[in-house]
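Visitor: turn this into a model:
(2 chains)
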Number of protein chains: 2
Amino acid sequence: METKAKGLLLIGDGLGDRRCPELDDQTPLEAAVKPNMDRLAAQGEVGLMDPISPGVRAGSDTAHLSMLGFDPYKCYTGRGPFEAMGIGLDVKQGDVAFRCNFGTVSDDFTITDRRAGRITEGTHELALAIDGMEIEGVKVLFKESVAHRAGMVLRGEGLGDKVSEIDPHTEGLKLMTATGADPASEKTARVLNLFAQESYQRLKDHPVNVARREKGLPPANIILPRGAGFAPHLGSFEAKHHMKGACIVEVGLVKGIGRYLGMTVIDVPGATGGLDTDTHAIGRAVVEAFKDHDWVLCNVKGPDIAGHDGNPKGKVEIIEKIDTMVGYLIEHLPAETTIAITGDHSTPCSVGDHTGEPVPILFWGPAVRGDNVQTFGERTAYQGAICRIPGTAIVPTFTSYMGCGEKFGA
Amino acid sequence: METKAKGLLLIGDGLGDRRCPELDDQTPLEAAVKPNMDRLAAQGEVGLMDPISPGVRAGSDTAHLSMLGFDPYKCYTGRGPFEAMGIGLDVKQGDVAFRCNFGTVSDDFTITDRRAGRITEGTHELALAIDGMEIEGVKVLFKESVAHRAGMVLRGEGLGDKVSEIDPHTEGLKLMTATGADPASEKTARVLNLFAQESYQRLKDHPVNVARREKGLPPANIILPRGAGFAPHLGSFEAKHHMKGACIVEVGLVKGIGRYLGMTVIDVPGATGGLDTDTHAIGRAVVEAFKDHDWVLCNVKGPDIAGHDGNPKGKVEIIEKIDTMVGYLIEHLPAETTIAITGDHSTPCSVGDHTGEPVPILFWGPAVRGDNVQTFGERTAYQGAICRIPGTAIVPTFTSYMGCGEKFGA
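Guide: The predicted structure is shown next:
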């Protein structure tokens, strides 16, 4: 197994769906005019893919970990680290990460509003006042997210993630003192308690809060971290799979995972993450990326957006745009490229959220044996040669086709 | 995912089979006239289900644990606890349970008969003399089973299950002294040794044994426990799956599992567990149960009985009775109900015991995408959209369809 070809995993985020009355009881993928995907399905193999396992509703983070070859049941340490990555914080293996709220406390640290009046403006300035703090040699990375939400990373030697919360989760109660379940976590707890005091000192008279008080709004004068989790030791994508990987993805959370695994994360101007995204630009960036990478993960977010919005026609349209991009890719990628197309989960328009049904998948390339299925859709996929596989099977299937998989045994 | 619909898992016990010469080489399920199951198969999705994993011969206990969402490889602690549940003993998490024999010993505790002459009568009275004993604060629950068999539960603080046996398993040898592999198991061993002495004291002159001696039969004057096992900490069905569950099942062992998981166990007058069972009464009980439960497990035992008896025609007939019940259920269950039909294992008539082949399964309901298969049987099921799933996938598939599954990840 000496030769090493190229591999492209193209994800339509939230691609899977259920029957839509608006589409004559077809799914958006079935209803879409998509000659290029159908051609790959006809020449290649199709099947169903459970991102995690049958029936389990996958998040984007767990699904992408799985599809990148990392079993989320073994490596997912909770939302903290992946949410922090999702908002663009630099998370490294060994960091302890948290989800946070901006909140309001009185002078004696009684919580008067756990969401600081659902603050929407000024959080970037407030976050700048917190970010970079150092406590007992531990560095604090802090960044605002949407509304009253934020993420925080503690980086330093000898931290643990078994800490109790400082947020009483009930207004009218006082801020609590964090404790640690082991010596390393006791250090994290000390840092957390000092952080709460210091965040109050830095925020209470911040200009954003002075202005809020003048308008009669509750000041965002405390940071309430929760959901502590260690960033897991996964090693790199390249060390695990012997392929140099790139990510061209629109979702921050997935970009974060790619960076965390040491993949090249390529930002594409015009990739908006919405239905109006520039799939031509994304397609050109994918072709470009193969010049110095073996394997590319490309995720177009639109289908998931349309699913969450209950918009089957929008989902059809974005799938058709992706199909045009697939046509461009077939023409411009090296001949030996293996292509897989699937979704990271189902986001049915009738539900508006992720569900646990399997997603259609196709594999196409010079080494793929092929089957009898001629079109790509939920109700053709199950008849194909791939049958039904878990997300963790995707990368090994690529490395087998591409000739770079390690032999297990002699 | 706010709405929560209803779900019914209907098990034909031992439903799967092999080709039967008596049925023109069809399986009983293929040969049965079953318009209602076929209708659900045609409108829904079918596939094959491995109760445990491919080829593994499932017991009713391990199969039902799996189909209730508890991986038996992780939670099955041996036959003791589940056999004790099966004969109707109250087993709680943390109890240590045993299978037992009634045996015969001489005055110096030499085993003269490990099965007390395969005693068949009077064991209930003997069991009453043992049940409720207390030793070192540990309560003994004891109940007779079939013939010389019985079950025992030790309930108390600080017990372990790593105890050696007191039964030498060879007649002519003396009763042995149990020892424990750790401090908690040493306590269990002490209790077990005292229990053996005390059981002899209570049984040796029991009227049942006086009568047996008069008839020249060996007295059942000792209890020989074996197969110690902790009752596992599983938590409740509702805590795990966020559904209020009920069991309408004919098999004692499965009732025991349902009770153990905190499900409502509903007894149905007329449900005999045989081929003559009243499937109308069972159907009515299922409809009634949905008034205050989200999810119902219904198991009809007959197909397994017919399989064990090598009776293909009887198996066809009970499947046809179940089909009539399915027709009643379709008419009377709330419109949003998701229904799955399968077996807990195959019990081929040509074998007369459980085998490891997968069992056909169908899912039907408003959210099910559907496939091209029109009938329900072993050799149509594999062509369907479910492909092949393990038993543990069943409840997650329900919760995905029903909108109450937890998202794994963000």
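Visitor: so residue A:98: helix, strand or coil?
Guide: In three-state terms, and counting by DSSP: H, G, I helix; E, B strand; the rest coil, residue A:98 is strand.
Visitor: residue contacts, the residue nearest to it when sequence neighbours are not counted?
Guide: Closest residue in space to residue A:98, ignoring its immediate chain neighbours: residue A:225 at 3.7 Å, by C-beta to C-beta, 6 or more residues apart in numbering or on different chains. All C-beta spots, glycine's among them, are computed from the backbone N, C-alpha and C. Neighbouring residues of residue A:225 by C-beta atoms under 8 Å, 6 or more residues apart in numbering or on different chains: A:98-100, A:152, A:166-167, A:192, A:195.
Visitor: partners of residue A:225 in the sheet?
Guide: With DSSP bridges applied, residue A:225 shows beta-bridge pairing to residue A:100.
Visitor: ok, back up a step: closest one of the contacts of residue A:225 to chain B?
Guide: Of all those, residue A:99 has the smallest distance to chain B: 9.5 Å, by C-beta to the nearest C-beta.
Visitor: circling back to that earlier point, out of the contacts of residue A:225, which are buried?
Guide: A:98-100, A:152, A:166-167, A:192, A:195 (16 or more other C-beta atoms under 10 Å in any protein chain shown).
Visitor: got CSV for those, with pLDDT too?
Guide: Below are the buried ones among the contacts of residue A:225 laid out as CSV (pLDDT from 0 to 100):
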residue, pLDDT
A:98, 94
A:99, 90
A:100, 94
A:152, 96
A:166, 95
A:167, 93
A:192, 97
A:195, 97
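Visitor: just flag the most distant two among these.
Guide: Largest separation among the buried ones among the contacts of residue A:225 by C-beta to C-beta: A:99 and A:195, giving 14.5 Å.
Visitor: helix, strand or coil for the closest residue to residue A:136 other than its chain neighbours?
Guide: Nearest non-adjacent residue to residue A:136, counting by C-beta to C-beta, 6+ apart: residue A:191, 5.8 Å away. Recorded secondary structure, residue A:191: helix (three-state DSSP).
Visitor: for residue A:191, give me the pLDDT.
Guide: pLDDT for residue A:191: 97.
Visitor: got the contact list for the residue of chain A found nearest chain B?
Guide: Nearest residue of chain A to chain B: residue A:59, at 2.4 Å (C-beta to the nearest C-beta). Counting by C-beta under 8 Å, 6+ apart, residue A:59 makes contact with A:345, A:354, B:407-410.
Visitor: near chain B, which residues of chain A show up?
Guide: A:18-19, A:27, A:47-48, A:52-63, A:72, A:76, A:79, A:82-83, A:86, A:253, A:348, A:350-351, A:353-357, A:378-379, A:382-383, A:387-388 (C-beta under 8 Å from any C-beta of the partner chain).
Visitor: which among these count as buried?
Guide: Buried members of those, counted by 16+ other C-beta under 10 Å: A:18-19, A:27, A:47-48, A:52-63, A:72, A:76, A:79, A:82-83, A:86, A:253, A:348, A:350-351, A:353-357, A:378-379, A:382-383, A:388.
Visitor: which of those fall in helices?
Guide: The helices, defined by DSSP state H, take in A:60-63, A:72, A:79, A:82-83, A:86, A:253, A:378-379 from these.
Visitor: quick one: the strands in the stretch 1-150 of chain A?
Guide: With DSSP state E, counting those that start in this stretch as the criterion, the stretch 1-150 of chain A has strands at A:7-12, A:45-50, A:57-58, A:96-105, A:111-113, A:134-135, A:138-144, A:149-155.
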